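>>> My questions are about this predicted structure, shown below with the sequence.
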Amino acid sequence: MLNTTMTSPAQRVPVLMYHRIGAAHNDWERKYCVSPETFAAQMEALARAGWKAVSIEDFFAWLDGTRDLPQGAFLLTFDDGFAGVHEHAAPVLRRLEWPATVFLVSGLIGERDAWCEKHNPDGHTYPLMDREQILALRAQGFSFHSHTRDHADLPTLDDGALQAQLAGARHDLETLLGEPVDYLAYPYGRYDERVLEQAQRAGYRAAFSVQPGFNRPDVHRFRLRRLDVFGTDTPAMLCRKITLGSNDGRLIAAWRYNADRVLARLGIRH
């Protein structure tokens, strides 16, 4: 838990979204696969810049107004539960003493990312964490929540299949972990009002989208915002993205952001 005696509490908190940590073998994989070396450099750059990962419990306590977080707090999340999180990301986070949250595909624990086979031009799939790896990371301070049962495109499902994906995944993971599974990340970031309602009915307290931006206490709990981290993001680009609350980490994006703020203060642009 964080020490909450800081003098400058956070007014907005970003959430980072990673997928696979490992080697990319084509351009399609390179978008959502971050090399181990780049991941380590990104985390170290964030730490040097004064950022600090917080637990998902502290993040929601902050949203609910029962806990302060310091300036520079962010939530670190991984979708899918790739084995590379255990192999490559966990040692870096252990060294920094940072927690993280993983959204697991409950029906594929210890198997492979079968949903990518039809999307990846090379047909490659990669291993997902097994039970022993998940429990080892939980002992390190990781939290685990739901990414549905088999990474389904939720808005395309009928009501029965949708509940099987949502409620079924909660049941699977609560059986595995022996603790409540309260949070959901929408596969592909896809949801509609029916999905949102069914997620609440399945017992989730909140859900994460892929809409970029910062989270403030008034954010809709089932439309939480996250920033994509790409395999092409340098540490400097990631620092700009998390500072701007944007998926665009280019230097020109930071320049435009700062120029707009100056013009707004001068009353030239609103």
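Nice, thanks for sending it over. Treat the numbers as computed from the prediction; the structure is a model and nothing was measured.

>>> Residue for residue, what is the longest strand this protein has?
Assignment by DSSP state E gives strand 73-80 as the longest strand of the chain.

>>> Can you give the strand pairings for that one, parallel or anti for each?
strand 15-18 (parallel), strand 52-54 (parallel), strand 101-104 (parallel) (DSSP bridges).

>>> can you list contacts of the following helix or strand past the shortest one?
Right, strand 52-54. For strand 52-54, the succeeding helix or strand toward the C-terminus, using DSSP states H and E, is helix 56-63. Identification of contacts with helix 56-63 by CB atoms under 8 Å, 6 or more residues apart in numbering yields 1-2, 10, 13, 15, 54, 67-69, 73, 75, 99, 101, 143, 145, 183, 205-206, 215, 217, 219, 221. Where C-beta positions appear, they are placed from N, C-alpha and C, glycine not excepted.

>>> Quick one: buried ones out of those residues?
If you count burial by 16 or more other CB atoms under 10 Å, the buried members of these come out as 2, 10, 13, 15, 54, 67-69, 73, 75, 99, 101, 143, 145, 183, 205-206, 215, 219, 221.

>>> mind checking how far the longest strand of the chain is from the chain centre?
Taking CA atoms, centre = their mean, to the nearest Å, the mean C-alpha location of strand 73-80 is offset from the chain mean by 3 Å.

>>> Return the backbone torsion pair for the closest residue to Arg221 other than its chain neighbours.
Leaving aside its sequence neighbours, Arg221 sits nearest to Ala206 (CB to CB, 6 or more residues apart in numbering; 4.1 Å). The phi/psi pair for Ala206 (degrees, to the nearest 10) reads phi -170, psi 170.
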